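> Here is my input, please return the structure:
(one chain, ligands or ions: 1)
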Amino acid sequence: MSKHPPDTPCPCGSGKKPDDCCAPVIKGNTPAQTVETLMRSRYTAYTQHNANYLLKTWHRSTRPQSIEFDKQMQWLRLKIVHSNDNTVEFIATFRINSKAHKLHEKSRFVQEHGQWFYVDGDMM
Ligand SMILES: [Zn+2]
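Sure thing, here's the model as predicted:
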């Protein structure tokens, strides 16, 4: 059972259906092939408050014990500015108390045993 109607596009803003985009990555059926795919799936996991997936894709060297979601915080959209082999620069827009904010970050990723992990990021 999906929480979303079948025609709702993926939260990551790819324009694709979730089943053709982040959903199989988050379920673990299709490992992310590129850092951009992992980045998109992690953004989608944030919109869904999926702490399990976020922790699973966080490198053990920087992984927090747990993730607290701010109930006031509503993710609006993701824009990938640039990505290369192991970094993704993105702008994520979110709303708190009806005010929009932007998170502009360059994230670093590392691949181990064929799987990508988020390491850390620099605010831009
Ligand atoms: Zn997606």
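> Surely I91 and A100 touch.
No: in terms of C-beta atoms under 8 Å, I91 does not count as a neighbour of A100; the distance is 11.6 Å. Glycine gets a C-beta too; all of them are placed from N, C-alpha and C.
> between those two, which one's more packed in?
It is I91, of I91 and A100, that has more neighbours when counted by other C-beta atoms under 10 Å, with 14 against 11.
> what about that one, distance to R60?
Per C-beta to C-beta, to the nearest Å, I91 is found 28 Å from R60.
> what residues does the host helix or strand of A23 touch?
If you go by DSSP states H and E, A23 is part of helix 22-27. By C-beta atoms under 8 Å, 6 or more residues apart in numbering, the list of residues contacting helix 22-27 from outside reads 10-12, 14, 30-32, 37-38, 40-41, 44-45, 48, 50, 53.
> any weak-confidence spans in the protein?
1-6 (pLDDT under 70).
> All the strands of it, residue numbers only.
In the chain, the strands defined using DSSP state E lie at 73-83, 87-96, 99-112, 115-123.
> What residues sit buried inside the shortest one?
Burial within strand 115-123, assessed by neighbour count using 16 or more other C-beta atoms under 10 Å, is assigned to W116, F117, Y118, V119, G121.
> can you tell if the helix holding A23 touches the ion?
Yes: on the criterion C-beta under 5 Å from the ion, helix 22-27 is in touch with the ion at C22.
> Going by neighbour count, which residues of the top helix by length along the chain are buried?
Longest helix in the chain by number of residues (criterion: DSSP state H): helix 35-47. Within helix 35-47, the residues that count as buried by 16+ other C-beta under 10 Å are 35-47.
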